[in-house]
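Novice: Sharing a sequence plus its predicted fold:
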Amino acid sequence: MSTLWPFIVIGVFTGSIYGLAAMGVVLTYKTTGIFNFAYGAVAMFSAFTYWQLHDSWHVTAWVALPVLLLVVAPLFGIAFEGLFRFFSGASAEIPMVATLAVLSVLQVTAVLIWGGQARQLQSIFPRSTFLLGGNLHVGWDQLATLLVSLAMGGALWFLLRHTRFGTATRAVVDNGDLAGIIGVNAGSIRRGAWIVSSMFGVLVGILLSPTQGLDVNQLVLVVLYAFAPAVLGFVFGMPWAFAGALGLGILQSVLSRWSSSGTVADLEACIPYLALFVLLVVLGNRLKEAGVAVRPMAAAASDPSSSRASPSAVSSAFSGPQRAVRRRSQRPLTIGTTLFVLALLVPVVLSGPKLDDFTVAVTWAMIALTLVVLMGWAGQISLAQFSFVGVGAFCVGHFAGAHGHHFLLATLIGMAISVPLGLLLGLPSLRLSGLYFMLATLAFALIMDTLVFNRPDVSGGLTGITDARPNIFGLSFTGRVGFYELVLVVFGVLALAAYVVNRGPVGRRLNILRDSPLAASTLGVNLTVTKLVTFAICAAVASLGGSLYGSYLQAINPQGFSWNWSLELLLLVVLGARTMITGAVLAGAVVGIQHLVASTDPNIVNYIALTVAIGVIGLARQPEGTVAISVAEARRCMSVLRPRPRRQLVLETLFATPERMEVGSGR
């Protein structure tokens, strides 16, 4: 037991920082109803800002730290409060997607300002050690970190329990409208909560970076460790969030005694994600959405409180004769067929590396199609689609052979493996919805990244493995043109199948499931079977897309299928149109453009990613994304070209009496 004490002490110090992050997440969620997925990005951006002030510009810590706590943190808080005030009354999923977009904005902005290379941040406390208990060396920085965490946690507990701010906060949580009647300014309370939470985020970033490294992606990932304790805080209160974080820190540190590498090391890194997944499933009946509307994401735009009604709602309200309605229903099929034929002609115009950009665009569109079905039609937001993509890609690497002769068999194996994994991911959806189900998919993706894809015998580790181009029934698709046509035909078949399904009874079931699960069960829709089958099929199709994507890349490694790619896929689909197949096409088109311009200037790719994230924030309430805006603007512009009404007809209409109008109408 004595040999474990150093690891327990280190776990307490690390866990206390996770506790700060967990309390910050709980505070804003309990007060505003917003789960801040961008919390790790706030910590990361603050740590980079501190590095810029202290290490680069040599500003003393006594000046840099107050600037961050008293200037940067309030600016973050005010910005968050103003942003999410815009989403007041929206469905629960919309602000969640917005926080994911904010995460992407902060990550890309940090890369544009400071570059992608990792840095080392100096600790704000001395690194020397002292003896504790005669034989245990403890760093002064560790002790100071623990004391700061305990002091901040205690101050927050006192603030919420024994001050007027805490009383007002509870009033806002219980009933924001009633709080205004009794004289509590709900907006100011929420703003204060965002500012306090941002201060905690600033400290988390500065305290974690000296040991975890100052990296744009790594620091965000480490702060995700606090999500499992935050779930405890949602149910049992702030002290449980802090205690749960300490427990996770100790458990990880103790396991590190036996794990320098291998399965135990992967398990150690995976503990926070496993804990998050298990807690969500076990506490599913006690987890309720806080302070948000319950309207489904895809139905929000047709709600009167939405800023803009969807074109589909408008067209259904003012539908013409039955023939015109039938013609409009066939228009997407006609447009899709036209685009498919034009895409088949692309190799006639382009060749060489530029054709590869079209290939990767179609491959991503295929993968995005599964997210359109899940998120847009079934109302289940997933951050784990690229986990199934990775399954398909790595199966091709292991089973397709050096020349791709067994590509079809490898693809079927990947799809067969993905089906039970899809069912496993779908099981939490039977008990969870909205935020908590999205957290479950995030935990699933992180578990796959850590426990599966990091294994050298699965992915080849950092060096990766090689995927061969397909060779199916003696037909070789190793050439650029042949492989492009194969990918395009597969996508065309899948898109047509999705179109037919959406127009039929299965599509109506999915829409009812999305809009009102209670009504769906009342109408006889088996929610369990519908959800699980949807997840299984989407997982299998994503694996199929991964097989082709891996063959396109040829050299693959675990970093190419991490949860960050699932996040990018989600943002692209939301920007395009999460309820339409066109959204998948637009998502693929953006990826193709990124690959096209990457060879000229890599920074352009970052600017495109930044534009996408900002666009998602602006269009989060619009389920048909840029498609809706483009169609509406096109109709407005085309209306100018319509022939003017005849002068005599206008005069008769303006000066017609009610009696004449009734006679003219044949009444």
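Specialist: All right, it came through fine.

Novice: Please enumerate the strands of the stretch 351-500 of the chain.
Specialist: In the stretch 351-500 of the chain, the segments counted as strands under DSSP state E, counting those that start in this stretch are 465-466, 471-472, 475-476.

Novice: who does the second one touch, helix- and strand-wise?
Specialist: Using 3 or more C-beta pairs under 8 Å, 6 or more residues apart in numbering; DSSP states H and E as the contact criterion, the secondary-structure elements in contact with strand 471-472 are helix 407-426. All C-beta atoms are positioned from the backbone trio N, CA, C, and that covers glycine.

Novice: still on that earlier bit, okay if I get the strands of the stretch 351-500 of the chain as JSON lines plus mean pLDDT, mean neighbour count and distance to residue 483?
Specialist: Listed next are these as JSON lines, based on pLDDT from 0 to 100; neighbours: other C-beta atoms under 10 Å; distance: least, C-beta to C-beta, whole Å:
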{"stretch": "strand 465-466", "mean pLDDT": "92", "mean neighbour count": "16", "distance to residue 483": "15"}
{"stretch": "strand 471-472", "mean pLDDT": "90", "mean neighbour count": "16", "distance to residue 483": "11"}
{"stretch": "strand 475-476", "mean pLDDT": "86", "mean neighbour count": "12", "distance to residue 483": "9"}
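
Novice: Just put these in a markdown table and tack on distance to residue 86.
Specialist: What follows is those, written out as a markdown table (distance: least, C-beta to C-beta, whole Å):
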| stretch | distance to residue 86 |
| --- | --- |
| strand 465-466 | 46 |
| strand 471-472 | 50 |
| strand 475-476 | 53 |
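
Novice: Which stretch among those approaches residue 23 most closely?
Specialist: strand 465-466 (42.3 Å; C-beta to C-beta).

Novice: Could you measure from residue 617 over to residue 253?
Specialist: 38 Å (C-beta to C-beta, to the nearest Å).

Novice: What segments of the chain are strands?
Specialist: Remark: strands assigned in the chain by DSSP state E are 129-132, 136-139, 465-466, 471-472, 475-476, 555-556.

Novice: Measure how far the fourth one is from the centre of its chain, please.
Specialist: Its chain's average C-alpha position is 35 Å from that of strand 471-472, according to C-alpha atoms, centre = their mean, to the nearest Å.

Novice: Walk me through which strands that strand pairs with, and which way each runs.
Specialist: Strand 471-472 pairs in its sheet with strand 475-476 (antiparallel), by DSSP bridges.

Novice: Can you check which of the strands of the chain gets nearest to residue 493?
Specialist: strand 471-472 (14.4 Å).

Novice: which other residues reach the closest one?
Specialist: Taking contacts as C-beta atoms under 8 Å, 6 or more residues apart in numbering, the residues outside strand 471-472 that touch it are 403-405, 407-408, 477-478.

Novice: if we go to 7 Å?
Specialist: Outside strand 471-472, the residues that touch it by C-beta atoms under 7 Å, 6 or more residues apart in numbering are 403-405, 407-408, 477.

Novice: ok, now stretch 549-564?
Specialist: With C-beta under 7 Å, 6+ apart, stretch 549-564 has contacts from 217, 359-360, 363, 367, 383, 386-387, 389-390, 392-393, 396-397, 442, 445-446, 449, 453-454, 459-460, 462, 464-470.

Novice: right, so of the strands of the stretch 351-500 of the chain, which gets closest to residue 10?
Specialist: Across the strands of the stretch 351-500 of the chain, closest to residue 10 is strand 465-466 (C-beta to C-beta), at 35.5 Å.

Novice: Can you spell out which helices and strands pack onto that closest one?
Specialist: Using 3 or more C-beta pairs under 7 Å, 6 or more residues apart in numbering; DSSP states H and E, no helix or strand is in contact with strand 465-466.

Novice: Partner strands of that strand and their direction?
Specialist: Here, using DSSP bridges, strand 465-466 pairs with strand 555-556 (antiparallel).

Novice: Check the offset of the partner strand from the chain's centre.
Specialist: 24 Å.

Novice: Stretch 387-407 too?
Specialist: For stretch 387-407, the distance to the chain centre is 26 Å (C-alpha atoms, centre = their mean).

Novice: One more: stretch 583-592?
Specialist: That offset, for stretch 583-592, works out to 17 Å (C-alpha atoms, centre = their mean).

Novice: Give me the buried positions along that stretch.
Specialist: Buried residues in stretch 583-592, counted by 16 or more other C-beta atoms under 10 Å: 583-592.

Novice: same deal with stretch 445-461?
Specialist: 445-455, 458-460.

Novice: okay, how far is it across it, tip to tip?
Specialist: Terminal residues of stretch 445-461 are spaced 17 Å apart (C-alpha to C-alpha, to the nearest Å).

Novice: who touches that stretch?
Specialist: So stretch 445-461 is contacted by 224, 266, 269-270, 273-274, 277, 383-384, 387, 390, 394, 465, 557-558, 561-563, 566 (C-beta under 7 Å, 6+ apart).

Novice: Break this structure down into its structural domains.
Specialist: Domains of the chain are assigned by automatic domain parsing as 2-286, 326-602.

Novice: Mind giving me the ChimeraX command for buried ones among the contacts of stretch 445-461?
Specialist: This is how ChimeraX selects the buried members of the contacts of stretch 445-461, with burial counted by 16+ other C-beta under 10 Å:
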select :224,266,269,270,273,274,277,383,384,387,390,394,465,557,558,561,562,563,566
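
Novice: what about the nearest residue to residue 31 once chain neighbours are set aside, neighbour count?
Specialist: Nearest residue to residue 31 in three dimensions, chain neighbours excluded: residue 193, at 3.9 Å (C-beta to C-beta, 6 or more residues apart in numbering). For residue 193, the neighbour count with other C-beta atoms under 10 Å is 26.

Novice: From what I see, residue 193 and residue 30 are in contact.
Specialist: No: between residue 193 and residue 30 there is no contact under C-beta atoms under 7 Å: 8.3 Å.

Novice: show me what contacts the residue most central in space within the chain?
Specialist: Centroid check for the chain by C-alpha atoms, centre = their mean gives residue 567 as the closest residue, at 4.1 Å. Residue 567 makes contact with 100, 104, 383, according to C-beta under 7 Å, 6+ apart.

Novice: Residue 518 - how many residues pack around it?
Specialist: Other residues close to residue 518 by other C-beta under 10 Å number 8.

Novice: and if you look at residue 24?
Specialist: Neighbour tally, residue 24, other C-beta under 10 Å: 31.

Novice: Distance-wise, check it relative to residue 226.
Specialist: 8 Å.

Novice: Ok, residue 213 next?
Specialist: 18 Å.
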